[in-house]
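**Q** Sequence and predicted model, in that order:
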There are 2 protein chains.
Amino acid sequence: MLKNNFIQDIYDQAQNYLNKDIKICGWVSNIRDLGGVKFVLLRDRTGILQLVFKKGITPDEEIMKSKDLVKESVICIDGVLTEGKSSLKYEVQVKKLNILNKPYEPIPLDPDTSTDAQINVRLDYRWLDVRNRKISSIFVFESWVAKNFRDYLTEKGFVEIFTPKIVSTGTEGGAEVFPVIYFGKEAYLAQSPQFYKQLAVISGLERVFEIGPVFRAEASHTVRHLAEFHGLDFEMGYINNVNDVMDTVEGFFRRMVEKSKKDELIKQVREFFSLDVSIPEKVPRIPIREAYKILEKYDKHLPYGSDLDTESERILGEYAKKEYNSDFVFVTEYPWKVRPFYTMRKEDDDQWTYGFDLLFRGLEVATGSQREHRYDMLIKNLKDKGLDDKKFKFYLDFFKDGTPPHGGVGLGLERIVKQFLNLDNVREARFLPRDTERITP
Amino acid sequence: MLKNNFIQDIYDQAQNYLNKDIKICGWVSNIRDLGGVKFVLLRDRTGILQLVFKKGITPDEEIMKSKDLVKESVICIDGVLTEGKSSLKYEVQVKKLNILNKPYEPIPLDPDTSTDAQINVRLDYRWLDVRNRKISSIFVFESWVAKNFRDYLTEKGFVEIFTPKIVSTGTEGGAEVFPVIYFGKEAYLAQSPQFYKQLAVISGLERVFEIGPVFRAEASHTVRHLAEFHGLDFEMGYINNVNDVMDTVEGFFRRMVEKSKKDELIKQVREFFSLDVSIPEKVPRIPIREAYKILEKYDKHLPYGSDLDTESERILGEYAKKEYNSDFVFVTEYPWKVRPFYTMRKEDDDQWTYGFDLLFRGLEVATGSQREHRYDMLIKNLKDKGLDDKKFKFYLDFFKDGTPPHGGVGLGLERIVKQFLNLDNVREARFLPRDTERITP
């Protein structure tokens, strides 16, 4: 490798490297030419390092080469690490410069100030935008969230599954799916791995998870919606009731909040974001019928039995923060009429379900439930929803040969990142977002 | 949870549980009724446990209930763990039986003998097939391969990315892609994350990986091809040359082979598969021009400058095993005419490239290369391939603003599993395969 260390490694081991030869590569972030001495800031994902080109120390030939440097040039240097006078504490006295590549045009977006640009411009030039270290730290964090999800569930005996994204039926009966032309057959992009993670539980894998793309053909233009995002999904068999599912979701977030304060992998993220998230010993679980009453007190009147709207979720988030010092709140027992057919209905009152949402700082980040695992009840549920059970035959078949009670949840990766880092728009948490207007880059 | 332990946990801690009350759940795998005593085999993903229903020990009421048991019933029991006379070493004297669910039909495929069935039947009833512990262990292994890939790369400073699967251009110029109807626009399913992992490197993330679905609209009917599979992809910046990429691939396999012999997570897999894979200290790297000569010796005549066919790969696999005691062999410097336009061509002879394949037991499991990172050379490459550079403008733009030398690889998850476990058909390593005929379940 041309580059064996990240800049962060140099700082972390500065005492070992001091007054010794080092090699380092990166992008040129800034150049200040003071005549006899030239200061170049070198940037990589992990940090910024000051390079010094100085007559008498840097060979003339290398100083000549350095005249070709422009912002965003890609370089490797050999030099000696010394203590520096700037706020960066260390700098490198350059002995050798290797220019690997240079911009072919005036750069259309300056990474150092990209956070000031409009989101659409930033997305158009994402390869420059993400060189801004505050922006790249969002994606370092996203990678870490996914890692936490997997590590947490793997320890609990969950198996990762890889399910098809090309499917023959929409999960909810055909609405809001993208059609695919599949060897002349009718097919769609999966709206979620719902059916298949249930199949995996029923197949005896018992506890499964998946992180994968999900596709929603909703023509939404909000800061919360994407046409393609990544879902964190799990499904678990042999549950007592839906609380087992919520306990698992809660455990994941609790551990992530605790680890976020010290994990070395996201040191860079803590440079730019506070990661100050409150999770109490027990995250409140509020039946939606109580939520309606709470909302009344905030002068928000929802018809009894209706779904929560965005404003209601925001208010309930505030309420949980005030009453429980919690950034999280579960709303439980959603009405049957706003939940999909595979949701298990309450045993004592089938107008309500064992379905829940998790709100994180007033935004829905997870939707889950105990599922209906009884074949005859599933057929009844489909009929009650006015759906054609023949269309769901392939799914119903899974339930004929011995099915454990089970439940699960789908979480939105980008929404978790948005809320954790207090970003304005879910697009900031998606490397290359897709929406009704955007299909490139 | 109804179930806090897997059967394996009971065996692992049998000394603590012996003569004590335990609870366990699972599927009924077999029932032998000897009149005064009934033996029921309970199955979960991790093991088989013998349950004993016996007059005088099991309450009469529970014995009555047990008359309803059929194969694949889903049950939980309370009982006392004792030493058993059978080869299973332990058994449970049942005190309480809870039947959670029962088959609604005669089961169409018996999990205990599903390995004898035709692959198509097994795939039709995958939820029964995978209850066979040999089959579920394939998917436990697949999950573990993915985990190893991520853990290995995360330690090396790689960041996981989540790239779009809905794209505006096919990676190779438009062939073999599935069209998607995307809000009235022309779009396709991504054949690989190739362009976007390069974009991520160029965006300053430097070292990235992704595990995600890839889509190939090839009407292949072989035991090696799927229309949808999962790719393990990585891409790394600031490489010296393509050997850095091969070193990283090799390191991943080496560590996986070593860990496969002892990792507790795949204890179940070692019950059914030998995991006996040979990887020497240095995996051979054979330029394809030499490979042609080797093949000649095996009486296989390939035109100079052509791609390897399936038979050639098989022969080279045998050669590597015989000459190097290696189940792996890299074939390097593939001809330019059989490689995609983004491959870097050899500096001294541009009819050959810095592209390679990795053969694992004679099957291609990885394809990689150093990429062309110079804007002007990329345009030349497109022209030489007869491709319209206007169609690739959005991709070419990434290369205008400072691009480090980089390279990467795409590996096929299911093929790795197939070869590691010596499976006959790649479909066996895919939970729910898709091909020209199959789009359900």
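**A** Yes, it's here.
**Q** count of residues packed around A:R361?
**A** When counting by other Cβ atoms under 10 Å in any protein chain shown, one arrives at 21 neighbours for A:R361. Bear in mind the C-beta positions are built from the backbone N, C-alpha and C, glycine included.
**Q** isn't it right up against A:Q419?
**A** Yes. At 4.8 Å, A:R361 counts as touching A:Q419 under the criterion of Cβ atoms under 8 Å.
**Q** Find residues that contact each of these two.
**A** A:D327 (Cβ atoms under 8 Å, 6 or more residues apart in numbering or on different chains).
**Q** what's the burial count for A:E290?
**A** 13.
**Q** A:G36 too?
**A** 10.
**Q** same deal with A:K390?
**A** Going by other Cβ under 10 Å, the residues that sit close to A:K390 add up to 8.
**Q** Tell me how far it lies from chain B.
**A** 13 Å (Cβ to the nearest Cβ, to the nearest Å).
**Q** Look at that residue and give its secondary structure.
**A** Three-state assignment for A:K390 (DSSP: H, G, I helix; E, B strand; the rest coil): helix.
**Q** Ok, A:F53 next?
**A** strand.
**Q** Can you name the residues bridging to it?
**A** Counting by DSSP bridges, A:F53 is bridged to A:K38.
**Q** And A:G407, how far from A:R254?
**A** 19 Å (Cβ to Cβ, to the nearest Å).
**Q** Quick check on these two: which one has the bigger neighbour count.
**A** A:G407 (29 against 16).
**Q** Helices along the stretch 201-350 of chain A, start to end?
**A** For the stretch 201-350 of chain A, the helices defined by DSSP state H, counting those that start in this stretch cover A:242-260, A:267-272, A:288-297, A:310-324.
**Q** among these, which is nearest chain B?
**A** When these are compared by Cβ to the nearest Cβ, helix A:242-260 sits nearest chain B, at 5.2 Å.
**Q** other SSEs contacting that closest one?
**A** For helix A:242-260, the elements it packs on are helix A:133-155, strand A:228-237, strand A:328-332, strand A:355-360, strand A:363-370, strand A:406-412, judged by 3 or more Cβ pairs under 8 Å, 6 or more residues apart in numbering or on different chains; DSSP states H and E.
**Q** Dump the ones you listed into JSON lines; add mean pLDDT and distance to B:K259 as well.
**A** Shown next, in JSON lines, are those (pLDDT from 0 to 100; distance: least, Cβ to Cβ, whole Å):
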{"stretch": "helix A:133-155", "mean pLDDT": "98", "distance to B:K259": "14"}
{"stretch": "strand A:228-237", "mean pLDDT": "98", "distance to B:K259": "24"}
{"stretch": "strand A:328-332", "mean pLDDT": "98", "distance to B:K259": "36"}
{"stretch": "strand A:355-360", "mean pLDDT": "98", "distance to B:K259": "35"}
{"stretch": "strand A:363-370", "mean pLDDT": "98", "distance to B:K259": "33"}
{"stretch": "strand A:406-412", "mean pLDDT": "98", "distance to B:K259": "29"}
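**Q** Out of the helices of the stretch 201-350 of chain A, flag the one nearest A:G36.
**A** Among these, the nearest to A:G36 by Cβ to Cβ is helix A:267-272 (32.7 Å).
**Q** Are the closest one and chain B in contact anywhere?
**A** No. Contact of helix A:267-272 with chain B (Cβ under 8 Å from any Cβ of the partner chain) is absent, the minimum separation being 10.3 Å.
**Q** Ok, stretch A:202-210 next?
**A** Yes. Applying Cβ under 8 Å from any Cβ, one finds stretch A:202-210 touching chain B at A:202-206.
**Q** Including distance to A:V94, could the helices and strands packed on helix A:242-260 go into TSV?
**A** TSV is the format used below for the helices and strands packed on helix A:242-260 (distance: least, Cβ to Cβ, whole Å):
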stretch	distance to A:V94
helix A:133-155	22
strand A:228-237	42
strand A:328-332	50
strand A:355-360	47
strand A:363-370	47
strand A:406-412	46
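**Q** Next, format those as CSV and append distance to chain B.
**A** Formatted as CSV, the helices and strands packed on helix A:242-260 follow (distance: least, Cβ to the nearest Cβ, whole Å):
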stretch, distance to chain B
helix A:133-155, 4
strand A:228-237, 5
strand A:328-332, 18
strand A:355-360, 17
strand A:363-370, 12
strand A:406-412, 10
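**Q** Quick one: list the elements packing against the lowest-mean-pLDDT helix or strand in chain A.
**A** Counting by mean pLDDT, DSSP states H and E, chain A has its least confident helix or strand at strand A:185-189, which shows a mean of 90. Using 3+ Cβ pairs under 8 Å, 6+ apart, the elements in contact with strand A:185-189 are strand A:166-167, strand A:179-182.
**Q** Just name the most buried of those strands.
**A** strand A:166-167 (a mean of 22; mean count of other Cβ atoms under 10 Å in any protein chain shown).
**Q** which outside residues touch that one?
**A** A:180, A:182, A:187-190, A:195, B:178, B:189, B:215, B:227-228, B:434, B:439.
**Q** Spatially nearest residue to A:T440 (excluding sequence neighbours)?
**A** B:F394 (4.6 Å; Cβ to Cβ, 6 or more residues apart in numbering or on different chains).
**Q** Which strand or helix spans that neighbour?
**A** Element membership for B:F394, per DSSP states H and E: helix B:393-396.
**Q** With only the CA atoms kept, save that helix in PDB.
**A** Once non-C-alpha atoms are left out, helix B:393-396 reads as follows in PDB (Å, rounded to 0.1, in the frame of the first residue of the first chain):
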ATOM      1  CA  LYS B 393     -20.900  11.100 -18.000                       C
ATOM      2  CA  PHE B 394     -22.200  10.800 -14.400                       C
ATOM      3  CA  TYR B 395     -19.500   8.200 -13.700                       C
ATOM      4  CA  LEU B 396     -16.700  10.100 -15.500                       C
END
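**Q** related to what we said a few turns ago, out of the helices and strands packed on strand A:185-189, which comes closest to A:V249?
**A** strand A:166-167 (25.2 Å).
**Q** residues in contact with the closest residue in space to A:R427 that isn't next to it in sequence?
**A** In space, and not counting its chain neighbours, A:R427 is closest to A:P433: 4.4 Å by Cβ to Cβ, 6+ apart. Contact analysis of A:P433 by Cβ under 8 Å, 6+ apart lists A:123, A:226, A:228, A:426-427.
**Q** residues in contact with stretch A:23-41?
**A** Contacts of stretch A:23-41 (Cβ under 8 Å, 6+ apart): A:2-5, A:7, A:10, A:42-44, A:48-55, A:63, A:66, A:69-78, A:92, A:94, A:100, A:111-112, A:131, B:204, B:238, B:402, B:404.
**Q** thinking again about what came up before, which members of the contacts of strand A:166-167 are classed as buried?
**A** Buried members of these, counted by 16 or more other Cβ atoms under 10 Å in any protein chain shown: A:180, A:182, A:187-190, A:195, B:178, B:189, B:215, B:227-228, B:434, B:439.
**Q** before we move on, back to that, for the contacts of strand A:166-167, could you give me TSV that also reports distance to B:D384?
**A** Converted to TSV, the contacts of strand A:166-167 look like this (distance: Cβ to Cβ, whole Å):
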residue	distance to B:D384
A:V180	33
A:Y182	33
A:A187	36
A:Y188	39
A:L189	35
A:A190	39
A:F195	46
B:F178	28
B:L189	27
B:F215	27
B:A227	30
B:E228	31
B:R434	34
B:I439	38
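**Q** Which of those residues sits closest to B:Y17?
**A** Closest approach to B:Y17 among the contacts of strand A:166-167 (Cβ to Cβ): A:F195, at 36.8 Å.
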